[in-house]
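Enquirer: Kindly return the folded structure for what I paste below:
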Amino acid sequence: MKVLHVITGLDMGGAEQQLRLLLRRLPAQCEVVTLTGPGPVADGIEADGTPVTHLGMTGDRDLTVLPRLSALIRAGGYDLVHTHLYRACVYGRIAARMAGVRAVVATEHSLGDAVIEGRRLTRGVRALYRATERLGAATVAVSDTVAARLLRWGVPERRVHVVHSGIEAHRFGFDPAARALVRTRLGLPLDAFVVGGAGRLVPGKRFDVLVRAVTQLPGVHLLLAGEGPERETLRRTAEQFGSGDRIHLLGAVGDASGVSAAPPGAVGDASGVSAAPPGAVGDASGVSAAPPGAVGDASRVSAAPPGAVRYAAGVQAASAGAAPPSATPGCRPDIPGLLSALDVFVSPSPDEAFGLAVVEALASGLQVLYGSCPAVEDLPADQAPGARRFSPGVHELGTALRELRRNEPGRLPVPPVVRRYDIARSAEALMSVYEQAVATAAPPRWRRPVPAHPSAVVPLPDAPRSPAPSPLSNR
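Expert: This is a model prediction of the structure:
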C-alpha cells in the first residue's frame with residue numbers, strides 16, 4: 001500500500017512526533033508532505049528514510065497550495081492519503097478528492113472542547129471542518145474523549161475510529177545517572193525539589209499557572225521545555241516575582257522518538273543518538289559514532305572527554321569536572337533526560353485531546369498533576385495511580401505541589417496505562433483503518449476500469465455470432 005501523509009508542519013510537537021513514530025512501524029510505503037516549511041522533525045523523518053516534501057504555504061488562506069498538492073497526489077499514484085492537524089485535514093481532503101483519491105483518512109490530534117489546533121472553535125471553523133470531513137473515508141480520534149466530541153459534531157459513527165496515541169515506553173525509563181548529569185549541567189542542586197512541564201508555550205496550555213505556582217514555593221525549581229509566543233511573558237512573570245533563577249525555560253527539546261537505537265535511558269532527539277551509552281544526552285542530529293560521554297552540538301561530536309554530557313546547543317568542550325552553568329541557555333536535555341531529572345511533572349492545560357506528555361512522565365515513574373488528560377481520564381483510576389487532576393488555579397496547584405514535596409514521593413512503578421499506549425499497537429490499529437478505507441472507497445481515478453466503447457467490443461472466438469440485421473428488416 002502506498003500512503004501519502006499530509007501534515008500542517010513538522011516543528012517539535014506531539015502530533016509531529018507521533019507521525020514519526022508511526023512511520024517507523026507502518027507496513028506501507030509512505031511519503032510525507034508538509035503544507036508549511038520544514039522543521040526539526042522533518043529532518044528526523046528523512047533521516048529515517050521517508051521522503052518529505054515542503055509546499056511552502058504562506059498562510060491559512062493560501063489557496064495556491066490546493067492545485068500543487070492535488071498534482072503531487074495524482075503524480076504519486078497513492079492508494080491512500082492520511083491527513084494530520086486541522087489545516088492539513090481541510091486542504092488535504094479537498095486536494096485528494098481533486099486528484100481522484102477517495103481513500104482519505106484524517107487523524108484528529110488536537111480537538112478540544114473549545115479549541116482545535118490552537119484556534120477557537122468558531123461557527124466558521126466548525127462548519128468548514130464538517131464540510132471537508134465528508135470528503136474523507138474515515139476520521140481517527142486519538143482518544144475516546146475526542147471520538148465523543150466528533151460524534152457530537154455530527155460525524156457519522158461509522159466513520160469514527162479510535163486509535164490511541166502511543167509511545168516507546170522503554171525510552172522514558174528512569175535513569176539515575178541521567179538525573180545527576182542533567183541537574184549538574186543545568187546548575188541545579190542534586191537534592192533540590194524540581195518540577196517540570198513540556199509543551200507549546202501558548203496561552204491555552206496555561207503554563208502561566210505553573211510558573212506562578214512555583215514562584216510561591218521557595219527553593220523549588222521549574223524546568224519548562226517548549227517554544228512559543230508566551231515564552232517572553234513567562235520569563236517576565238518569573239522575574240517579577242523574584243524567581244528568575246529558579247524558573248528555567250529550556251526552549252525546544254527533542255523527545256525519545258529520535259533515539260533510533262539507543263539503550264533505555266539514553267538521551268537524544270530528532271535524528272538520534274544511534275549508539276550513545278546510557279545516560280548520554282543528545283540533540284537533533286545525533287551522536288552516531290561518538291565515544292562514550294561525548295560532548296558537542298549538532299553533528300560536531302568528535303573527541304570529547306569521558307563523562308561529559310551532550311546538549312542541544314553546543315557545550316562543546318565541557319568535561320565531567322567543569323563548573324556547571326548558572327543559566328539554562330545552551331544546556332537543554334531531551335525529554336527522557338528532563339523527566340529523569342524531575343520529581344513531579346505538571347500538565348496545566350485544561351483542554352487536551354489525549355495528553356501524551358502525561359503518559360511519557362508516567363513511564364518515567366513520576367507523580368503527575370494535570371488539568372486535562374483523556375489518556376488517563378478515559379480509564380479506571382487504578383490504571384494510573386500516580387496521576388492526579390487539579391483545579392486550574394495557582395493556589396490549587398501550589399497546594400498540591402507543597403503536599404508532594406512534603407511527602408517526598410520518590411519514583412513509582414510504571415503504571416498499567418503506559419503499557420496500554422504502546423506505539424506498536426497504535427500502528428497495527430491504524431493499518432486496519434487503512435485497509436478498511438481502501439477496501440470500501442472507490443479506487444483512484446487512474447485505477448478505475450475504463451468501459452469499452454460499444455463499437456470496440458470484439459466477440460470471443462468461440463462465441464456464436466448473430467447475423468447483422470438487414471437495414472430493411474423493419475420495413
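Enquirer: which sections of the stretch 251-400 of the chain are below the confidence cut-off?
Expert: Along the stretch 251-400 of the chain, segments meeting pLDDT under 70 span 254-332.
Enquirer: again but with the stretch 51-200 of the chain, I slipped
Expert: If you take pLDDT under 70 as the line, the stretch 51-200 of the chain has these spans: 114-115, 117-119.
Enquirer: ranges for the helices of it?
Expert: If DSSP state H, counting those that start in this stretch is used as the criterion, the helices of the stretch 51-200 of the chain fall at 65-76, 86-98, 123-133, 144-153, 176-185.
Enquirer: ok, now the stretch 301-450 of the chain?
Expert: For the stretch 301-450 of the chain, the helices defined by DSSP H, counting those that start in this stretch cover 335-341, 356-363, 374-377, 394-407, 416-420, 423-440.
Enquirer: Mind putting these into CSV with mean neighbour count?
Expert: Bear in mind the C-beta positions are built from the backbone N, C-alpha and C, glycine included. Listed next are these as CSV, based on neighbours: other CB atoms under 10 Å:
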stretch, mean neighbour count
helix 335-341, 30
helix 356-363, 28
helix 374-377, 24
helix 394-407, 16
helix 416-420, 17
helix 423-440, 17
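Enquirer: Arrange those in a markdown table, one row each, with distance to Ile247 as further columns.
Expert: Conversion of the helices of the stretch 301-450 of the chain to a markdown table gives the following (distance: least, CB to CB, whole Å):
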| stretch | distance to Ile247 |
| --- | --- |
| helix 335-341 | 15 |
| helix 356-363 | 18 |
| helix 374-377 | 26 |
| helix 394-407 | 14 |
| helix 416-420 | 29 |
| helix 423-440 | 32 |
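Enquirer: Of those helices, which is nearest Thr36?
Expert: Proximity to Thr36, assessed across the helices of the stretch 301-450 of the chain by CB to CB, is greatest for helix 356-363 (21.6 Å).
Enquirer: Using CSV, list the CA coordinates for that closest one.
Expert: Only the C-alpha atoms of helix 356-363 are listed here, as CSV (Å, rounded to 0.1, in the frame of the first residue of the first chain):
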residue,chain,number,x,y,z
LEU,A,356,0.9,12.4,25.5
ALA,A,357,3.3,14.2,27.8
VAL,A,358,1.5,12.9,30.9
VAL,A,359,1.9,9.3,29.6
GLU,A,360,5.6,9.9,29.0
ALA,A,361,6.0,11.2,32.5
LEU,A,362,4.2,8.2,34.0
ALA,A,363,6.5,6.0,32.0
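Enquirer: ok, residues contacting that helix?
Expert: With contact meaning CB atoms under 8 Å, 6 or more residues apart in numbering, helix 356-363 is reached by 14, 18, 165, 167, 169, 172-173, 196-199, 255-256, 335, 339, 342, 345, 347, 368, 370, 373, 375-376, 384, 386-387, 414-415, 417-418, 421.
Enquirer: Give me the distance from that helix to the chain's centre.
Expert: With CA atoms, centre = their mean, to the nearest Å as the basis, helix 356-363 stands 13 Å off its chain's centre.
Enquirer: ok, now stretch 239-246?
Expert: 31 Å.
Enquirer: do the same with stretch 144-154
Expert: In this view, stretch 144-154 has its centroid 20 Å away from the chain centroid, taken as CA atoms, centre = their mean.
Enquirer: for stretch 240-259, same thing?
Expert: Worked out by CA atoms, centre = their mean, stretch 240-259 lies 18 Å from the chain centre.
Enquirer: likewise stretch 188-198?
Expert: The answer for stretch 188-198 is 25 Å, by CA atoms, centre = their mean.
Enquirer: Can you mark which positions in it are buried?
Expert: Residues of stretch 188-198 classed as buried: Leu188, Phe193, Val194, Val195, Gly196, Gly197, Ala198 (neighbour count, 16 or more other CB atoms under 10 Å).
Enquirer: which one of those residues sits closest to Gly204?
Expert: Nearest member of the buried residues of stretch 188-198 to Gly204, counting by CB to CB, is Gly197, at 13.8 Å.
Enquirer: Is the closest one bridged to anything, and to what?
Expert: Applying DSSP bridges to Gly197 yields these beta-bridge partners: Leu224.
Enquirer: my guess is it meets Leu222, correct?
Expert: Yes - counting by CB atoms under 8 Å, Leu222 is a contact partner of Gly197 at 7.3 Å.
Enquirer: quick one: common contacting residues for the two?
Expert: Common contacts of Gly197 and Leu222, defined by CB under 8 Å, 6+ apart, comprise Leu210.
Enquirer: Now tell me what touches stretch 423-432 from outside.
Expert: Here stretch 423-432 makes contact (CB under 8 Å, 6+ apart) with 21-22, 25-28, 140, 161, 163-168.
Enquirer: go again using 10 Å as the cut-off
Expert: Residues outside stretch 423-432 that contact it (CB atoms under 10 Å, 6 or more residues apart in numbering): 1, 3, 18, 21-28, 82, 105, 107, 140, 142, 161-169, 257, 419, 422.
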